[in-house]
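**Student:** Generate coordinates for the sequence data below:
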Amino acid sequence: MIRILFAAVALAVSTMAASPALAGWNLIERNQPVSVAQNTLSVTPREQWNQWTRRPIRKSEVWTRDGVSLNQIYFVAALAPGETLFKDVAKKDRPLPKLGGSLQLTDIPDFFESSIRISLNTSVFELTGIEPATFAGRPGVKFTFEYAVEGTALRQRGMAAGTLVGDALYLIAYTAPSVFYYDRDLAEAEAIIASAAM
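**Tutor:** From the prediction side, this is the model:
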């Protein structure tokens, strides 16, 4: 049961293990612009979401509608070279990759993939699509993916988009179980990404 929950929590899983047990939630109202990840990056959701009061890393935040095991959006803003996408909780055994100073837009999906593989300790990850995109009015990249934690039958699907401002990474990633929830909330996640502004 713990491994199934571990898989379902997806992007925030490595951070929850290191966070205090007490964490609260703030309601994000629909159709109102809101700044995310303690930055000038803002989005406007069409539906209500719940914002986790614990930040996985200082420059990130997590939203969910029904619980992180069912749907989740992970925001990262102004991640600088030398920083990791998630909290590096097992840096001695499985250090997370650090953002490189020479990262290009086309490198963002690979950086995301390697971060997920290591944080979840899984080899079951597939990038299913990569295409150019506009992110917050800037050239960016959009990609889709599927993954699971080894030893579990639960598969996750995801979609993410991001850009670079100088050397800093801005990223929004949506994940949900491949059965029902991913398709149900995909249009809302896409609308949130499309609303991104800086």
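**Student:** my read is residue 110 is in a helix, agree?
**Tutor:** Yes. Applying DSSP: H, G, I helix; E, B strand; the rest coil, one finds residue 110 inside a helix.
**Student:** From residue 153, how far out is it?
**Tutor:** Relative to residue 153, residue 110 is positioned 27 Å away (criterion: CB to CB, to the nearest Å). C-beta here means a position set from N, CA and C on the backbone, and glycine is covered the same way.
**Student:** Kindly report the same for residue 100.
**Tutor:** Counting by CB to CB, the gap from residue 100 to residue 153 is 35 Å.
**Student:** which one of these two has more residues nearby?
**Tutor:** residue 100 (12 against 7; other CB atoms under 10 Å).
**Student:** ok, residue 188 - how many residues close by?
**Tutor:** Residues within reach of residue 188, counting by other CB under 10 Å, total 18.
**Student:** What residue, apart from its backbone neighbours, is nearest it spatially?
**Tutor:** With CB to CB, 6 or more residues apart in numbering as the measure, residue 47 is the residue that lies nearest to residue 188, at 5.3 Å, once sequence neighbours are left out.
**Student:** Surely the one you found touches residue 63?
**Tutor:** No. Contact between residue 47 and residue 63 fails when scored by CB atoms under 8 Å: they sit 10.4 Å apart.
**Student:** ok, the two, which is more surrounded?
**Tutor:** Here residue 47 and residue 63 are set side by side on neighbour count (other CB under 10 Å), and the busier one is residue 63, at 26 against 14.
**Student:** what helix or strand is the more buried one on?
**Tutor:** Secondary structure from DSSP states H and E places residue 63 in strand 60-64.
**Student:** Could you verify that residue 129 is part of a helix?
**Tutor:** No. With the criterion set as three-state DSSP, the secondary structure at residue 129 is strand rather than a helix.
**Student:** distance of the closest residue to it other than its chain neighbours from residue 157?
**Tutor:** Nearest residue to residue 129 in three dimensions, chain neighbours excluded: residue 144, at 4.4 Å (CB to CB, 6+ apart). As for residue 144, its distance to residue 157 is 7 Å (criterion: CB to CB).
**Student:** Ranking helices and strands of the chain by mean pLDDT, which lands last?
**Tutor:** helix 2-9 (a mean of 36; mean pLDDT, DSSP states H and E).
**Student:** neighbours around residue 183, how many?
**Tutor:** Based on other CB under 10 Å, the number of other residues close to residue 183 is 11.
**Student:** phi, psi of it?
**Tutor:** Backbone torsions for residue 183, taken as degrees, to the nearest 10, come to phi -70, psi -40.
**Student:** Run through the residues that contact it.
**Tutor:** Under the criterion of CB atoms under 8 Å, 6 or more residues apart in numbering, residue 183 has no neighbours.
**Student:** Next one: it from residue 159, what distance?
**Tutor:** 11 Å.
**Student:** pretty sure residue 139 contacts residue 108?
**Tutor:** No. Residue 139 is beyond contact range of residue 108, at 11.5 Å (criterion: CB under 8 Å).
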